[in-house]
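*Asks:* The amino acid sequence is not available; the structure is as follows:
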Ligand SMILES: Cc1cc2nc3c(=O)[nH]c(=O)nc-3n(C[C@H](O)[C@H](O)[C@H](O)COP(=O)(O)OP(=O)(O)OC[C@H]3O[C@@H](n4cnc5c(N)ncnc54)[C@H](O)[C@@H]3O)c2cc1C
């Protein structure tokens, strides 16, 4: 079995590297998973990295409203007893509308955007629905499909605290999710062929018969099969099928700070009413995520996004000192388009009898996440084996 990869490293959109400017190992972008992401937990269990996961003891997230200075805690109870003893904490002013909004979101049809499904524009919109749409769908609620957000809620927050505990990976995405998986594949005899972009395929009838690479062709025998786990723009060059277009970018700004400043920050902080959306603390590095960056960054603003993001972090951490070093990484088209029309334009999962498609954007109901990528990969493998 051969795993062909276009670039010189595995991991795709989830990878870690040593950044010389920060002199720290960082991830290309902050990744958050929740304890309800059963497939991520199962993956880490299989590859032996469960001890590397930092699973928060409670399902709670602190938030700061940068414009008003308000701070609050979002906390979900871990059971009935916890609920009765005050374990549920919601953002201020949201309690009345959240239940009705959630019902509307869960009932929304496949053509609805988040903004169509949820009519109110009060505190719950600013403090829950807009941040959730940006974080989970990497798209503003006005364009993002409601259905994938509803599916994430069903699998995590609506199952209570046990399925909603934040999980981070202090050692980085590479050491936690990728490198041990490659080692496991190698032990099972899988050959990893790097810098080998697939450029075409040959097909006869309902089967593909060869894979084309710059370095030559690989013929497929009658018992051979392939899985293409590719982003839509790469797949569109190989198959003449409808595909979603590119979605928005995600900007991550990493700041190395004095350890005392870092220690004032929680491991994870949600921000509203500013440019920054989340601050992750890893050692003495504070890493900020701006999702759907095209929608959020005003191109006419004279101030560079990095300077504005740092001001917001400094406000949250209560410091006047500048960062010791910084690095900004923009992941262009970090996810595929997630409008209702784009979701409907996804190709069939088995275009040929011996070819299955995988990738986070093809996992059915979920949006593009690690959980979705793993689920879709396993489903593709099962469909090939069947
Ligand atoms: C900045 C950022 C932040 C994110 N935050 C989160 C988060 O908080 N939580 C979360 O769960 N998810 C998050 N995600 C999404 C997560 O990274 C993806 O869902 C996941 O990595 C997708 O995996 P995949 O294997 O489906 O696709 P990819 O990771 O895109 O892998 C596709 C692979 O195909 C290769 N390839 C492309 N063309 C060819 C070709 N022609 N031949 C051979 N190989 C090819 C690519 O090089 C790549 O390695 C984030 C993504 C980004 C970019």
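*Replies:* Everything's here; your move. All values derive from a computational prediction rather than experimental measurement.
*Asks:* Show me which residues of the stretch 251-386 of the chain sit near the ligand.
*Replies:* Listed as neighbours of the ligand in the stretch 251-386 of the chain under the rule Cβ under 6 Å from any ligand atom: 252, 331, 334, 359-360, 368-371, 373. For glycine as for every other residue, the C-beta is placed from the backbone atoms N, C-alpha and C.
*Asks:* so who does residue 265 touch?
*Replies:* Shown in contact with residue 265 (Cβ atoms under 8 Å, 6 or more residues apart in numbering): 279, 281, 286, 316-317.
*Asks:* can I see the domain layout of this structure?
*Replies:* For the chain, automatic domain parsing gives the domain ranges 58-164, 250-331.
*Asks:* Make TSV from these and add mean pLDDT to it.
*Replies:* Supplementary listing: the domains of the chain in TSV, determined by pLDDT from 0 to 100:
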stretch	mean pLDDT
domain 58-164	95
domain 250-331	94
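*Asks:* ends of stretch 360-374, how far apart?
*Replies:* In stretch 360-374, first residue to last residue: 7 Å (Cα to Cα, to the nearest Å).
*Asks:* Next, the buried residues of that stretch.
*Replies:* Using 16 or more other Cβ atoms under 10 Å as the test for burial, stretch 360-374 gives 360-363, 366-374.
*Asks:* which one of the residues you listed is nearest residue 53?
*Replies:* Taking Cβ to Cβ as the measure, residue 53 lies nearest residue 370 of the buried residues of stretch 360-374, at 12.1 Å.
*Asks:* if I read this right, the closest one contacts residue 31, doesn't it?
*Replies:* Yes. Counting by Cβ atoms under 8 Å, residue 370 touches residue 31, with 6.6 Å between them.
*Asks:* Helix, strand, or coil at the nearest residue to residue 220 once chain neighbours are set aside?
*Replies:* In space, and not counting its chain neighbours, residue 220 is closest to residue 209: 5.6 Å by Cβ to Cβ, 6 or more residues apart in numbering. Of the three states, residue 209 takes strand according to DSSP: H, G, I helix; E, B strand; the rest coil.
*Asks:* Would you check how far apart residue 209 and residue 148 are?
*Replies:* 35 Å (Cβ to Cβ, to the nearest Å).
*Asks:* which of the two has more neighbours?
*Replies:* Neighbour totals were compared for residue 209 and residue 148, and residue 148 leads with 24 against 17 (other Cβ atoms under 10 Å).
*Asks:* sorry, back to before: what do residue 370 and residue 31 both touch?
*Replies:* Residues touching both residue 370 and residue 31 (Cβ under 8 Å, 6+ apart) are residue 14.
*Asks:* Okay, buried residues for the host helix or strand of residue 316 please.
*Replies:* Per DSSP states H and E: residue 316 is located in helix 305-317. By neighbour count on 16+ other Cβ under 10 Å, the buried set for helix 305-317 is 305-306, 308-310, 312-314, 316-317.
*Asks:* Identify the single longest helix in the protein, thanks.
*Replies:* helix 370-385 (DSSP state H).
*Asks:* who does it touch, helix- and strand-wise?
*Replies:* Packing partners of helix 370-385 (3 or more Cβ pairs under 8 Å, 6 or more residues apart in numbering; DSSP states H and E): helix 38-47, strand 226-229, strand 355-358.
*Asks:* Just say which of the ones you listed is most tucked in.
*Replies:* Most buried of the helices and strands packed on helix 370-385, by mean neighbour count (mean count of other Cβ atoms under 10 Å): strand 355-358, with a mean of 24.
*Asks:* Now do that strand: which elements does it pack against?
*Replies:* Strand 355-358 is packed against strand 226-229, helix 370-385, with contacts defined by 3+ Cβ pairs under 8 Å, 6+ apart.
*Asks:* The helix or strand that the shortest one is followed by: which residues count as buried?
*Replies:* It refers to strand 226-229. Reading on from strand 226-229 to the C-terminus, the next helix or strand found by DSSP H and E is helix 232-236. By neighbour count on 16+ other Cβ under 10 Å, the buried set for helix 232-236 is 232, 235-236.
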